[in-house]
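S.K.: sequence-free structure coming up:
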């Protein structure tokens, strides 16, 4: 089955540690996105990538980094510089050039920083 | 500055009745509007979309209405079913903005049997 996988589902880290969240898709989608959701709030865009080896900052990129070395993979690193890292992180992908781009979302990773 | 707002955090409806979820936006340059449905601990799933040049789009029990002059759109679910209970997000898109979606804060719909 095609889809987007995010692992792990729950992640706990100590304050000050960097942590990398995995996102893999086998949908052959060109574009991939990372969002953050906080309780009672909508999704806010962290980073997005439209093609391999290229990515752009979203609305709240500070304290995060990404890479896009392969089409199917878009890992997100939450660095120690991120002030409030505890949140639900969602990865999404979409077909390049589709109008409108229907983004398909993974199941999410809930990160808790202790 | 929130460009997309869903002012009702929650909505409770009886099974079989109509659910109306509202969304307001401030940026007149948006080209498309999309609705996503999200269950707890899962990623959102695409529900329905509408182009800014249309005023209505229908798909089964789901209809989205767009009022450009009021910068307002609404999602109608008729008839509502208990399985529709979820959080609904309105999102907006500008074609020349890298396909980035701007999401509203979501409305939790509860459909009572």
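M.R.: Now that the structure is in, tell me what you want to look at. Remember, it's a predicted structure, so these values are computed and weren't measured experimentally. Numbering: from 1, shown residues only, chains lettered A, B, ... in the order given.
S.K.: neighbours of the residue of chain B found nearest chain A, how many?
M.R.: As assessed by C-beta to the nearest C-beta, chain A sits closest to residue B:43 within chain B, at 3.0 Å. In short, each C-beta sits where N, CA and C put it, glycine included. When neighbours are defined as other C-beta atoms under 10 Å in any protein chain shown, residue B:43 has 23 of them.
S.K.: who in chain A is up against chain B?
M.R.: A:4, A:9, A:31, A:33, A:35, A:40-45, A:48, A:50, A:56, A:58, A:90-92, A:94, A:99-108, A:110 (C-beta under 8 Å from any C-beta of the partner chain).
S.K.: just for the chain, where's the confidence low?
M.R.: Answering for chain A, as no chain was given. Residues of chain A that meet the criterion pLDDT under 70 lie in A:1-2.
S.K.: oops, I was thinking of chain B
M.R.: Applying pLDDT under 70 to chain B flags the ranges B:1, B:97-98.
S.K.: and the gap between the residue of chain B closest to chain A and residue A:18?
M.R.: Distance, residue B:43 to residue A:18, using C-beta to C-beta, to the nearest Å: 24 Å.
S.K.: what's the answer for residue B:23, then?
M.R.: From residue B:23 to residue A:18 the distance is 37 Å (C-beta to C-beta).
S.K.: the more surrounded of the two?
M.R.: Taking other C-beta under 10 Å, residue B:23 and residue A:18 do not tie; residue B:23 has more neighbours (26 against 13).
S.K.: remind me which helix or strand the residue most central in space within chain A belongs to.
M.R.: Closest to where the C-alpha atoms of chain A average out (C-alpha atoms, centre = their mean) is residue A:34, at 2.8 Å. According to DSSP states H and E, residue A:34 maps onto strand A:31-37.
S.K.: mind listing what that strand pairs with, with the direction of each?
M.R.: Using DSSP bridges, the strands paired with strand A:31-37 in its sheet are strand A:43-51 (antiparallel), strand A:87-94 (antiparallel).
S.K.: list the contacts of it.
M.R.: Contacts to strand A:31-37, defined as C-beta atoms under 8 Å, 6 or more residues apart in numbering or on different chains, come from residues A:23, A:25, A:43-51, A:58, A:60, A:64, A:66, A:68, A:74, A:76, A:87-96, A:101, A:103, A:108, B:99-100, B:103.
S.K.: in that strand, what's buried?
M.R.: Buried residues in strand A:31-37, counted by 16 or more other C-beta atoms under 10 Å in any protein chain shown: A:31, A:32, A:33, A:34, A:35, A:36, A:37.
S.K.: how far away is the third one from residue A:56?
M.R.: Remark: distance between residue A:33 and residue A:56 (C-beta to C-beta) = 10 Å.
S.K.: list residues touching both of the two?
M.R.: Jointly contacting residue A:33 and residue A:56 under the rule C-beta under 8 Å, 6+ apart are A:47, A:48, A:49.
S.K.: for residue A:69, what are its contacts?
M.R.: Here residue A:69 is in contact with A:52, A:53 (C-beta under 8 Å, 6+ apart).
S.K.: sorry, slip of the keys, the one I care about is residue A:78.
M.R.: Contacts for residue A:78 (C-beta under 8 Å, 6+ apart) come out as A:18, A:19, A:20, A:21, A:63, A:64, A:85, A:89, A:111.
S.K.: how does it look with 7 Å?
M.R.: Residues in contact with residue A:78, defined by C-beta atoms under 7 Å, 6 or more residues apart in numbering or on different chains, are A:18, A:19, A:21, A:64, A:85, A:111.
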